[in-house]
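Asker: This is the structure alone, sequence omitted:
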């Protein structure tokens with residue numbers, strides 16, 4: 001059986017860069033720290049680190065094991081905190097990953113009330129437009145949109161993500177307002193990659209339209225800002241542009257022969273047998289907020 005004390009030596013050694021530094025942090029002599037790491041490798045049946053007198057680096061097996069090691073230590077800490085708080089489960093650290101705009105506009109306002117309800121719970125919000133490796137990063141919940149491809153993760157649908165076409169009134173006044181899907185061929189379309197296609201729904205069928213434009217970005221926030229500045233038409237989520245539409249900075253473009261398909265908003269969890277109480281509470285609060 002894996003010993004959490006041995007696992008802690010591995011995690012600390014990787015963070016500190018050496019076994020001796022890990023031992024100092026954990027109150028162990030270098031000899032004891034080395035024995036604990038050796039015991040862990042023997043239990044697993046694989047070498048986890050390359051060790052020299054001055055440096056330490058993970059083997060491929062070590063790289064594969066490290067995120068699970070961090071998760072085991074985090075779960076143990078959650079369990080101790082839950083018992084210390086009388087079994088409420090609303091203590092510890094909750095790590096949530098999301099895109100930058102969703103985290104700023106939706107998650108952060110929701111978390112203000114969530115943390116007020118659970119004063120002994122801490123939340124770390126990891127925001128990036130890149131898809132997070134939630135196992136490697138020790139993430140408890142990741143918010144994702146659209147189609148999910150990783151079958152090794154648990155996904156729970158939270159809500160529908162309504163999307164549409166949006167452009168600045170000044171752009172539409174200068175270039176005209178498209179009314180049909182094919183009209184987009186003559187417009188500046190702001191997309192995540194140049195020369196791609198946009199997908200629309202028409203009478204239950206999928207329609208693809210080639211689009212082009214002089215501006216592309218790998219950031220939703222950049223596309224959003226570009227649309228406000230009048231650079232073209234963008235596909236954006238309704239929650240992301242609600243304030244801009246109300247203020248007159250953006251205008252919803254409706255096409256008569258096609259609609260931008262809605263996506264799901266998903267909570268993605270690492271594959272675990274038991275979901276911590278803090279995650280259940282977060283998912284409930286998130287669902288209520290989105291509804």
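Answerer: Yes, it's here. Everything quoted here is computed from the prediction, not taken from an experiment.
Asker: Once you drop chain neighbours, what's closest to residue 74?
Answerer: residue 138 (6.1 Å; Cβ to Cβ, 6 or more residues apart in numbering). Any C-beta I mention is one placed from the backbone N, CA and C, and that applies to glycine too.
Asker: ok, now residue 253?
Answerer: Nearest to residue 253 is residue 165, by Cβ to Cβ, 6+ apart, at 4.0 Å.
Asker: ok, now residue 182?
Answerer: That would be residue 209: by Cβ to Cβ, 6+ apart, it lies 6.9 Å from residue 182.
Asker: On the C-terminal side of the least confident helix or strand in the chain by mean pLDDT, identify the next helix or strand.
Answerer: Lowest by mean pLDDT, DSSP states H and E among the helices and strands of the chain is helix 60-84, with a mean of 75. On the C-terminal side of helix 60-84, the nearest following helix or strand under DSSP states H and E is strand 92-98.
Asker: which residues sit against that next one?
Answerer: 74, 77-78, 81-82, 107, 121-128, 132, 134, 137-143, 276, 278-279, 282 (Cβ atoms under 8 Å, 6 or more residues apart in numbering).
Asker: From these, list just the buried residues.
Answerer: 74, 78, 81-82, 107, 121, 123, 127, 132, 134, 138-143, 276, 278-279, 282 (16 or more other Cβ atoms under 10 Å).
Asker: So which of these belong to strands?
Answerer: 121, 123, 127, 141, 142, 143 (DSSP state E).
Asker: Check these against residue 224 and report the nearest one.
Answerer: residue 127 (14.8 Å; Cβ to Cβ).
Asker: contacting residues for the closest residue to that closest one other than its chain neighbours?
Answerer: In this structure, residue 127 finds its nearest non-sequential neighbour in residue 103, 4.1 Å apart by Cβ to Cβ, 6+ apart. Shown in contact with residue 103 (Cβ under 8 Å, 6+ apart): 125, 127, 143.
Asker: which element follows the one helix or strand residue 6 maps to toward the C-terminus?
Answerer: According to DSSP H and E, residue 6 maps onto helix 4-16. Under the assignment DSSP H and E, the closest C-terminal helix or strand after helix 4-16 is helix 19-26.
Asker: just checking, next helix/strand downstream of that next one?
Answerer: Following helix 19-26 toward the C-terminus (DSSP H and E): helix 30-44.
Asker: quick one: buried residues of that next one?
Answerer: 33, 34, 36, 37, 40, 41, 44.
Asker: which pair in the residues you listed spans the largest distance?
Answerer: 33 and 44 (16.9 Å).
Asker: circling back to that earlier point, tabulate the buried residues of helix 30-44 in JSON lines, adding columns for pLDDT and distance to residue 183.
Answerer: Formatted as JSON lines, the buried residues of helix 30-44 follow (pLDDT from 0 to 100; distance: Cβ to Cβ, whole Å):
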{"residue": "33", "pLDDT": "87", "distance to residue 183": "67"}
{"residue": "34", "pLDDT": "86", "distance to residue 183": "69"}
{"residue": "36", "pLDDT": "89", "distance to residue 183": "67"}
{"residue": "37", "pLDDT": "89", "distance to residue 183": "64"}
{"residue": "40", "pLDDT": "88", "distance to residue 183": "63"}
{"residue": "41", "pLDDT": "87", "distance to residue 183": "64"}
{"residue": "44", "pLDDT": "86", "distance to residue 183": "60"}
